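**Q** next come a sequence and a model predicted from it.
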Amino acid sequence: MYPENLKYYQKHTWVKVEGDKALIGITHYAQAKLGEILFVEMPEVGDELKVGKDFGVVESSKVASDLYAPISGEVLEINERLDEEPEFINEEPYEAWIVKVQIADESELDALLSAESYEATLA
């Protein structure tokens, strides 16, 4: 349910580290709680994410929910597929990344949770 190769933030986002860059998305738990995702408001390329600060919104059939940055960094790319297919997050939450960022401070990764630790916070 929670891939071991990812790191997790307590506000239900995940990070996949790829060298000095990272993909960020929302967890299976988050998409399940939100229900059918209808729209994803993403930052602009070039925007700076700050750990713990909101960087976008996911709107679902139930609620609109802020997205919180698990790490700091400059947005290099947004997942344009989500403009046309926001429900891709419901179908494949760990493939449907939202943003790719240049990691600003690698030490922030140490504060993120393992899959096991994240799952324990949900219990």
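**A** Sure thing, it's come through. Residues are numbered from 1 along each chain as shown.

**Q** so where do the helices sit in this protein?
**A** Here the chain has its helices, by DSSP state H, at 28-34, 81-84, 88-91, 115-122.

**Q** who are the packing partners of the longest one?
**A** This means helix 115-122. strand 7-9 (3 or more CB pairs under 8 Å, 6 or more residues apart in numbering; DSSP states H and E). C-beta here means a position set from N, CA and C on the backbone, and glycine is covered the same way.

**Q** pLDDT weak spots in the protein?
**A** Judged by pLDDT under 70, the chain has no weakly predicted residues.

**Q** now do the same contact list for the residue nearest the centre of it.
**A** What sits nearest the mean C-alpha location of the chain, by CA atoms, centre = their mean, is residue 25, with 2.4 Å. Counting by CB atoms under 8 Å, 6 or more residues apart in numbering, residue 25 touches 13-14, 16, 89, 93-94, 96-98.

**Q** before we move on, back to that, distance to residue 52 and mean neighbour count added to the helices of the chain, as TSV?
**A** Output for the helices of the chain, formatted as TSV (distance: least, CB to CB, whole Å; neighbours: other CB atoms under 10 Å):
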stretch	distance to residue 52	mean neighbour count
helix 28-34	16	18
helix 81-84	23	14
helix 88-91	21	18
helix 115-122	16	13
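
**Q** from residue 18, how far out is the closest residue to the residue nearest to the centre of the chain other than its chain neighbours?
**A** For residue 25, ignoring the flanking residues on the chain, the nearest one in space by CB to CB, 6 or more residues apart in numbering is residue 97 at 4.5 Å. Taking CB to CB, to the nearest Å as the measure, residue 97 falls 10 Å from residue 18.

**Q** equivalent analysis for residue 92, please.
**A** Counting by CB to CB, the gap from residue 92 to residue 18 is 18 Å.
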